[in-house]
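Engineer: 3D, please:
(2 chains)
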2 protein chains.
Amino acid sequence: MNLKSKLAGIESGGVFVVILNPKDAADIGVHSTDRVKVSRNGREAVCIVDVSKSWISKGSLGIYREVEKALSIKAGDVVDVAAADAPRSMEFITKKMNGARLNKQEMFAIVKDTVERKLSDVELTAFVSSLHFNGMSMDETVALSTSMAETGKTLGIKEKIILDKHNIGGVPGDKTSMLVVPIIAAAGYKIPKTSSRAITSPAGTSDRVECLCPVDLSVEEILNTVEKTNGCLAWGGAVDLAPADDMFIQVEYPLAIDPLLLPSVMSKKKAVGATHVVIDMPTGRGSKLKTIGAAHALAKDFIELGKNMGIIVNCVITFGEQPIGYGVGPALEAREALDAISNVSSPPDLVEKAVDLAGALLELAGERNGKELAYKLLKSGSAERKLRQIIGSQGGDPKIKTNDIEVGSHIAEIRSKTDGMIWWIANHDIVKIAREAGAPKDKGAGILFRKKIGDAVKKGDVVMEVYAENERKLHNAIALAESLNPVGVYARPQDRTLIEKVPDGEDHKKLFILER
Amino acid sequence: MNLKSKLAGIESGGVFVVILNPKDAADIGVHSTDRVKVSRNGREAVCIVDVSKSWISKGSLGIYREVEKALSIKAGDVVDVAAADAPRSMEFITKKMNGARLNKQEMFAIVKDTVERKLSDVELTAFVSSLHFNGMSMDETVALSTSMAETGKTLGIKEKIILDKHNIGGVPGDKTSMLVVPIIAAAGYKIPKTSSRAITSPAGTSDRVECLCPVDLSVEEILNTVEKTNGCLAWGGAVDLAPADDMFIQVEYPLAIDPLLLPSVMSKKKAVGATHVVIDMPTGRGSKLKTIGAAHALAKDFIELGKNMGIIVNCVITFGEQPIGYGVGPALEAREALDAISNVSSPPDLVEKAVDLAGALLELAGERNGKELAYKLLKSGSAERKLRQIIGSQGGDPKIKTNDIEVGSHIAEIRSKTDGMIWWIANHDIVKIAREAGAPKDKGAGILFRKKIGDAVKKGDVVMEVYAENERKLHNAIALAESLNPVGVYARPQDRTLIEKVPDGEDHKKLFILER
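Structural biologist: Got it, this is the predicted structure:
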């Protein structure tokens, strides 16, 4: 059927969408969410159908920017529109929804159509939901992970050993990568580290590193930095490494589910060409993995998936019940990392964790006594020199000092209301307070702890300071801290035996779900 | 944050959506799929966030038509934009995804937000998927069904007994309602029947009835017709009865799942005020219910759900392995129904089914020997007079004759290639061929059977005729019929022992799913 183009002028968000009048839709024999093939001058695009009576009159076709560009359509151009089938991958999504297993070809088809934006939100959500509800076999996880790597760019670094690390997250203030990458690079191994920005946390590694130097590098700039310095601390979001991940996250994020945890991590590692990877798995109350048992189960999957993808994986279960170090928020964390790598200060858990992880990586690479070597590289100043080299190569000032990193000038102290010891710090509440103060957008906002678990406090002692870039946000963050009570101070645990009251009538059949 | 409005000019499809520049989104602290509250002149709307760098510059806000109308925004108007929480119902969707049970208040919140278009496609898909994967308890099904009825209009007919029927579908050519409604109305009972149009079939009841009279009635026109004639045969799509159903179908249809079968049917029955309902459940190979066991399980659920909603339900399991009567396609079926109710012809299965269903309804209403009464009303001409009265009241010609209903003038005969008996007719293939011929859009297109299961045929006998409104569609339908071989003719079943070859490597764990 020939229809006259009417340009919407705006994007649909990547997916090819056209808008039909309901009468034309009926004539073509399609409904909303069906597909049509739109052709003009020998070029064609398969588009998802939307229907509008008020905006599109009979005989017209509403065209979003993506379709306009792909077919070089101008307002008023006549295009041919015919019914088209859903992409083949929709058949495989249905198969997965019905509980069947998918093979490599089928997984690849789904990932390819995802990256090429051929699936609607409804279809993509159905796929991610079916993984959430029906789970995946190891073969399927391998197929999905490799498909995600194969449908994007790869770094292609020519080196026998390429190291990498990943933190499954959940613990605020975890700036360990900023120490591990320079240590590994200083030891002479390649570590092309890409990280994410915060989505729901007060700071991602990229937000922290951005207080020292630019992180928004192209693939060429990443390769150049790794060539010169052995390492990098780049943002992974701008480079096209395993791009399907971002599209799956668009669905996972609003639903707070994460069925693609393993493929998400391992596809990125495959895309950077990592041969040996250490996965940091913070475990404990208030982190993503609540128990050592859960951590072991996940570790087993990571290791087996690695084997199937040709990547040697070690997992390190770490204490995740409180923030790492003292600072939470981009600038406060960047300061702390810089001080720690310069041996100006040494927050014990941060340093310990960094040399543990770096040591594990070095031993994977064949070194003996990896932890000792890592500690030596840190204490000798080699790691600091390496970090400054990376900063310089990424376009920052290699001579940057802690005081150059600005933190919020609006500061409030939160004091203990009783004598006792700190028994717990609620990670989730710390995240909320730091975000209320402005993090991660306000880089100087966040929380600086003065005391951590096990520290004795007197009534009136400062437990933490809240930093903000303006008075209003500081006020809101303090109000939130007052209501949440994020730090538990008691003389002894037995002074507080009641954990929680469960209201009557809860009928709860909970599946095992890893919190995002 | 104050932003300047830029009007998109088009609809997002009911949902409130605004488009932010990524920088403003970061400043407000929201991501794509998050919510913002948009305020102007004391009016406000919570909108879902979309992000575009190219179309929206920093300081501007892209406004879809729905938001433009709701807040009376003009291009260039300055509006206030602030982060907002997801609606409370999102919490309940998450709860359901995690396997918990929802109570009435929680279900109601989800349905209300669905009807008010406050949920994104991703969120709505997650809800429907979670029902598909996790199932529903009876309490949840009751809560969902009543919520769907309560969030729409109701007919409010003041009568002690209001009858209704529903066919769960799957069998082509099922024009039984066109006989049942007049029989019941002729017996003096109210039967305000609303039906759907075809989505994936060659004809829905509304498509068939539309060959006799208009079906696109308002609530007032429905009430008026029922007042005058006791019955109606109206399209349910234009009236706001249980409107959430249409929104759930928007998700179910592209995914070919149907977890809301029970609530979808029973919410509509509640909305029309039905007190006694008969559910027709065609069962057998090629229909939605494959086995009598499955039909019994579903029947039990329908009956129990009815009890919980104050509706008395009977279920009738009917033979669903071949089309009902001889015609398939809107006009061919309207002709057949008119001939049958006028006693011009009497396709045995159509008449038998109609009096069985009408009889069951009459007995629910308290009549004895319902089937006999139904048969009498049909044979005496009462039912025909009642149908003509309904046709007149809905705006059609009450004197309409079979030949007034035009059928396609391009006709081809499909002949048997061998001697034998018809052992099976593949419903799915019949549907495909009739749709290829142009049904339901071309009302005159479809299939007219000359032989049905159990009939003896000689090589060369006409088994069916294909009708189309143009030569091209006829040609395509015949080609499809040749390749599908929709009718099985053999001397004896044992002449064909091979059913299907299963390829190696199928790893299939199929859940019970009712085909849509």
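Engineer: Leaving out the residues flanking it, which one is nearest to the residue most central in space within chain A?
Structural biologist: Taking CA atoms, centre = their mean, the centroid of chain A lies closest to A:S196, which sits 5.0 Å from it. Nearest non-adjacent residue to A:S196, counting by CB to CB, 6 or more residues apart in numbering or on different chains: A:G204, 4.8 Å away. Bear in mind the C-beta positions are built from the backbone N, C-alpha and C, glycine included.
Engineer: Contacts only, for the residue nearest to the centre of chain A.
Structural biologist: A:204-206, A:235-237 (CB atoms under 8 Å, 6 or more residues apart in numbering or on different chains).
Engineer: Which single one of these is nearest to chain B?
Structural biologist: A:G237 (11.2 Å; CB to the nearest CB).
Engineer: could you say which helix or strand contains the closest one?
Structural biologist: Taking DSSP states H and E as the definition, A:G237 sits outside all helices and strands.
Engineer: got the contact list for it?
Structural biologist: Counted by CB under 8 Å, 6+ apart, A:G237 has contacts A:196-197, A:206, A:246.
Engineer: now do A:A82
Structural biologist: By CB under 8 Å, 6+ apart, A:A82 lies in contact with A:1, A:28, A:36-37, A:39.
Engineer: Surely it is in a helix?
Structural biologist: No - counting by DSSP: H, G, I helix; E, B strand; the rest coil, A:A82 is not part of a helix but strand.
Engineer: what are the bridge partners for it, then?
Structural biologist: A:K37 (DSSP bridges).
Engineer: count of residues packed around the residue lying closest to A:R117 once chain neighbours are set aside?
Structural biologist: Distances taken as CB to CB, 6+ apart put A:G14 closest to A:R117, at 4.1 Å, once the chain neighbours are dropped. Residues near A:G14, counting by other CB atoms under 10 Å in any protein chain shown, number 14.
Engineer: most surrounded residue in the contacts of A:A82?
Structural biologist: Result: A:V36 is most packed of these (other CB under 10 Å), 26 neighbours.
Engineer: what's near enough to touch that one?
Structural biologist: Here A:V36 is in contact with A:18, A:20, A:28, A:30, A:46-47, A:49, A:81-84 (criterion: CB under 8 Å, 6+ apart).
Engineer: what's the spacing between the residue of the stretch 201-350 of chain A found nearest chain B and B:K104?
Structural biologist: At 4.3 Å from chain B, A:P254 is the closest residue in the stretch 201-350 of chain A, using CB to the nearest CB. As judged by CB to CB, to the nearest Å, A:P254 and B:K104 stand 25 Å apart.
Engineer: same question, A:S206
Structural biologist: From A:S206 to B:K104 the distance is 45 Å (CB to CB).
Engineer: who's more crowded, these two?
Structural biologist: A:S206 (23 against 14).
Engineer: That one contacts A:P214, correct?
Structural biologist: No - counting by CB atoms under 8 Å, A:S206 stays clear of A:P214, with 10.2 Å between them.
Engineer: Not including adjacent chain positions, what is the nearest residue to A:T33?
Structural biologist: B:P254 (4.3 Å).
Engineer: A helix includes the one you found, no?
Structural biologist: Yes - applying three-state DSSP, one finds B:P254 inside a helix.
Engineer: what residues are up against it?
Structural biologist: A:33-34, A:86, A:90, A:120, A:122-123 are the contacts of B:P254 under CB under 8 Å, 6+ apart.
Engineer: Among those, which lie within strands?
Structural biologist: Residues from these lying in strands, with DSSP state E as the criterion: none.
Engineer: Would you mind checking these for buried ones?
Structural biologist: Neighbour counting by 16 or more other CB atoms under 10 Å in any protein chain shown classes A:33-34, A:86, A:90, A:120, A:122-123 among these as buried.
Engineer: need the residues you listed in TSV with pLDDT, can you?
Structural biologist: Listed next are those as TSV, based on pLDDT from 0 to 100:
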residue	pLDDT
A:T33	88
A:D34	91
A:A86	89
A:M90	95
A:S120	91
A:V122	93
A:E123	95
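Engineer: Please identify which of the residues you listed is nearest to B:G446.
Structural biologist: Comparing the buried ones among the contacts of B:P254 against B:G446 with CB to CB places A:D34 closest, at 21.4 Å.
Engineer: Tell me if I'm right that that closest one and A:V51 touch.
Structural biologist: No - the criterion here is CB under 8 Å, and A:D34 misses it with A:V51 at 9.7 Å.
Engineer: measure stretch A:445-456 end to end?
Structural biologist: 26 Å (CA to CA, to the nearest Å).
Engineer: swap in stretch A:145-161?
Structural biologist: By CA to CA, one end of stretch A:145-161 lies 21 Å from the other end.
Engineer: Now do that stretch: distance to the chain's middle.
Structural biologist: 18 Å (CA atoms, centre = their mean, to the nearest Å).
Engineer: got a list of contacts for that stretch?
Structural biologist: Residues from elsewhere that reach stretch A:145-161 (CB under 8 Å, 6+ apart): A:104, A:107-108, A:110-112, A:115, A:189-190, A:192, A:219, A:222-223, A:226, A:239-245, A:262-264, A:266-268, A:270-273, A:275-276, A:305, A:309, A:365-366.
Engineer: cutoff 6 Å now
Structural biologist: Applying CB atoms under 6 Å, 6 or more residues apart in numbering or on different chains, the contact partners of stretch A:145-161 are A:107-108, A:111-112, A:115, A:190, A:192, A:240-244, A:263, A:266-267, A:270-273, A:275, A:365.
Engineer: Report the buried residues of stretch A:34-49.
Structural biologist: Going by 16+ other CB under 10 Å, stretch A:34-49 has these buried residues: A:34-36, A:38, A:40, A:44-45, A:47-49.
Engineer: ok, so of these, who is nearest chain B?
Structural biologist: Among the buried residues of stretch A:34-49, and counting by CB to the nearest CB, the member closest to chain B is A:D34, at 7.7 Å.
Engineer: what secondary structure does the closest residue to the closest one other than its chain neighbours sit in?
Structural biologist: Nearest residue to A:D34, sequence neighbours excluded (CB to CB, 6+ apart): A:V49, at 5.0 Å. Using three-state DSSP, the structure places A:V49 in strand.
Engineer: isn't A:I191 right up against A:G231?
Structural biologist: Yes - proximity of A:I191 to A:G231 meets the contact threshold set by CB atoms under 6 Å, at 4.5 Å.
Engineer: hmm, back to that, which of the contacts of stretch A:145-161 are buried, as a PyMOL select command?
Structural biologist: Here is the PyMOL command that selects the buried residues among the contacts of stretch A:145-161 (16+ other CB under 10 Å):
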select buried, chain A and resi 107+108+111+112+115+190+192+241+242+243+244+263+266+267+270+271+272+273+275+365
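Engineer: Pull the contacting residues for A:G444.
Structural biologist: A:331, A:406-408, A:469.
Engineer: Save these as CSV, and put in secondary structure too.
Structural biologist: CSV is the format used below for the contacts of A:G444 (three-state DSSP):
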residue, secondary structure
A:A331, helix
A:E406, coil
A:V407, coil
A:G408, coil
A:E469, coil
